[in-house]
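S.K.: requesting a structural model of the entry that follows:
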Amino acid sequence: MSSEAISMASSSPSSFSPPNIPMELHALNRQKLVRSLRQHLQSLSRPLHGFVFLQGGEEQMRYCTDHAILFRQESYFAYLFGVSEPGFFGAIDIASGKSILFAPRLSADYAVWLGEIKPLSYFKERYMVSVVCYTDEIVRVLHDHYKGAGKPSLFLLHGLNTDSNNFCKPAELEEMEKFDSDLSILHPILTECRIFKTEMELSLIQYANDISSEAHVEVMRKTRAGMKEYQLESMFLHHVYMYGGCRHCSYTCICATGENSSVLHYGHAAAPNDRTLDNGDMALLDMGAEYHFYGSDITCSFPVNGKFTSDQCIIYDAVLKAHNAVISTMRPGISWIDMHKLAEEIMLESLKTGGLISGNVDDMMAERLGAIFMPHGLGHFLGIDTHDPGGYAKGMERPKEPGLRSLRTIRELQEGMVITVEPGCYFIDALLEPAMKNSTTSKFFNHKEICRFKNFGGVRIESDVHITCNGCKNLSNCPRERWEIEAVMAGAPWPLDKSFSRGNIGEG
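M.R.: Modelled structure (predicted):
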């Protein structure tokens, strides 16, 4: 490629700067919750009295030491109040809509070791709430604000997270007997509120996507054989923090190369992104930054040496076709199960064209062959949590078939949702070997061809997508076409300028 065809990115290290954080966002979230709660209570012929009452996160120490783990606010509390500090409680008066924050009363030593002790007025102004008091005043303040008869009612957060199978922890008070507690109403209503993003929420998710996409491109450009996987992780973390102000990531970075890219949640403590990159490897990098609680979740797959081999082309193109077909189909009213099956079908067709499998694709779908190559679900809700809650509302049953049982939601798409689209194709011995010996599925595999991919690993392509009124918008912006990836890895700017065309670079 000529030097004229490739111009390096501008000297500016980033095109983005951290946006101002609008605390109105959380005030709107509280208003949305109060409206939904009132409607629900009216449907039950219950009085519109009581308080939503949540406990924020507590600072945690590392085991028995005095080493504090970097604090990140509990997600439901963050959604409603936007508070970054630990030790807070929050209440919302259902009758009036007024919000009350309760701050911990700090000892004088705090000012010596941790900085200025802020007055209550600081928190009232910063977090745009109606009232701020101390946590040791909770019982008195809630009784003073209550306008109903009898004990004040507290609507506490308690319910199942269908992604983790963990239950939310309801707020705890020493004098809880002075209140009537409801553990059933709040969780499903608040979770439903979180599914549908406001414009202010979308702006933060978009920013997290912008800076993360830019960081992915930077890592892609600097990847070389001989490096360690953790160096790729380090480059990403540096970029999103140095230039994006993102102190937290949405999840533990997955920086998988070679056979590691078939380990779906690689990067954990037992597999710590520490392999040395080889010249012929594919890299699968699943990394996303978080800004003011709101996250991103992006996966890029590319050849370590910047040039796709013919085998890499087969697998990459199969995944990219599925990714693009799903996004082009997504709109309100579309079934997410149907989108998962569409991705499977397209990948199976591509693998058949590539000679890895043979037979009737409809028969393969009936035998759930797609789950051998893509055992995870197509995607998940995204917001304050990487796997944002609400995938399974009450009455929804998780499918039992292979692949489909891993779906994190089975809902129809609706305007305002943000959901990831992340098809993948992996060569996982623990799945392939039994399937190739099974009498009902063995016939589909071209065994010699499959064996050629034994240590290939896998490919995943993941984008974050906002469902609009008549379609969808891809919030992620990374090179996806093979020729785009090869151009960027050769030094082309991203996004590619208008003068750059596919003809500037070979197909690899």
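S.K.: residue 50 contacts residue 153, doesn't it?
M.R.: Yes: with contact defined as C-beta atoms under 8 Å, residue 50 reaches residue 153; the gap is 3.1 Å. All C-beta atoms are positioned from the backbone trio N, CA, C, and that covers glycine.
S.K.: between these two, which one's more packed in?
M.R.: residue 50 (27 against 21; other C-beta atoms under 10 Å).
S.K.: give the contact list for that one.
M.R.: Counting by C-beta atoms under 8 Å, 6 or more residues apart in numbering, residue 50 touches 94-95, 146, 148, 152-155, 180, 182.
S.K.: how about residue 299?
M.R.: Per C-beta under 8 Å, 6+ apart, neighbours of residue 299: 254, 284-287, 422, 460-462.
S.K.: go again using 7 Å as the cut-off
M.R.: By C-beta atoms under 7 Å, 6 or more residues apart in numbering, residue 299 lies in contact with 284-286, 422, 460-462.
S.K.: looking at those residues, which is nearest residue 228?
M.R.: residue 285 (13.3 Å; C-beta to C-beta).
S.K.: how is the chain divided into domains?
M.R.: 24-195, 199-504 (automatic domain parsing).
S.K.: quick test: name the residue nearest the centre of this protein.
M.R.: residue 386 (2.5 Å; C-alpha atoms, centre = their mean).
S.K.: in what helix or strand does it lie?
M.R.: Secondary structure assignment for residue 386, by DSSP states H and E: no helix or strand.
S.K.: just for this structure, where's the confidence low?
M.R.: 1-12, 499, 501, 503-508 (pLDDT under 70).
S.K.: 50 - rerun?
M.R.: For the chain, applying pLDDT under 50 flags the ranges 1-11, 506-508.
S.K.: tell me which stretches of the stretch 301-450 of the chain form helices.
M.R.: Using DSSP state H, counting those that start in this stretch, the helices assigned to the stretch 301-450 of the chain run over residues 310-329, 336-353, 361-366, 370-373, 429-437, 447-451.
S.K.: out of the ones you listed, deepest packed?
M.R.: helix 370-373 (a mean of 24; mean count of other C-beta atoms under 10 Å).
S.K.: helices or strands next to that one in the packing?
M.R.: helix 336-353, helix 429-437 (3 or more C-beta pairs under 7 Å, 6 or more residues apart in numbering; DSSP states H and E).
S.K.: in CSV, list those along with distance to residue 245.
M.R.: Compiled in CSV, the helices and strands packed on helix 370-373 are given as follows (distance: least, C-beta to C-beta, whole Å):
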stretch, distance to residue 245
helix 336-353, 33
helix 429-437, 41
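S.K.: and those: which comes nearest residue 491?
M.R.: helix 336-353 (29.8 Å).
S.K.: what lies in contact with that closest one?
M.R.: 317-319, 321-322, 325-326, 329-330, 357-358, 361, 364-365, 369-370, 373-374, 377-378, 403-404, 407, 409-411, 413, 423, 425.
S.K.: just stretch 198-212 next, same as before
M.R.: So stretch 198-212 is in contact with 16, 19, 22, 24-25, 28, 197, 240, 243-244, 246, 287-292, 294-296, 298, 383, 418, 464, 466, 475-476, going by C-beta under 7 Å, 6+ apart.
S.K.: got a ChimeraX select line for the buried ones in these?
M.R.: Buried residues among the contacts of stretch 198-212 (16 or more other C-beta atoms under 10 Å), as a ChimeraX selection:
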select :22,25,197,240,243,244,246,287,288,289,290,291,292,294,295,296,298,383,418,464,466,475,476
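S.K.: what about the strands in the stretch 151-300 of the chain?
M.R.: 153-156, 160-161, 166-167, 180-182, 248-249, 254-257, 282-287, 289-291, 294-295, 298-303 (DSSP state E, counting those that start in this stretch).
S.K.: the first one pairs with which strands?
M.R.: It stands for strand 153-156. Here strand 153-156 is paired, per DSSP bridges, with strand 51-55 (parallel), strand 180-182 (parallel).
S.K.: tabulate these (a markdown table), appending mean neighbour count and distance to residue 131.
M.R.: Listed next are the strands paired with strand 153-156 as a markdown table, based on neighbours: other C-beta atoms under 10 Å; distance: least, C-beta to C-beta, whole Å:
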| stretch | mean neighbour count | distance to residue 131 |
| --- | --- | --- |
| strand 51-55 | 24 | 12 |
| strand 180-182 | 16 | 22 |
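S.K.: those: which one's closest to residue 193?
M.R.: Closest among the strands paired with strand 153-156, once you apply C-beta to C-beta, is strand 51-55, at 11.2 Å.
S.K.: ok, back up a step: could you dump the strands of the stretch 151-300 of the chain into a markdown table and include distance to residue 58?
M.R.: Output for the strands of the stretch 151-300 of the chain, formatted as a markdown table (distance: least, C-beta to C-beta, whole Å):
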| stretch | distance to residue 58 |
| --- | --- |
| strand 153-156 | 17 |
| strand 160-161 | 19 |
| strand 166-167 | 16 |
| strand 180-182 | 20 |
| strand 248-249 | 17 |
| strand 254-257 | 29 |
| strand 282-287 | 28 |
| strand 289-291 | 20 |
| strand 294-295 | 22 |
| strand 298-303 | 31 |
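S.K.: to residue 193, which of these lies closest?
M.R.: strand 153-156 (13.3 Å).
S.K.: how far off centre is that closest one?
M.R.: In terms of C-alpha atoms, centre = their mean, to the nearest Å, the centre of strand 153-156 is found 29 Å from the chain centre.
S.K.: no further questions, thank you.
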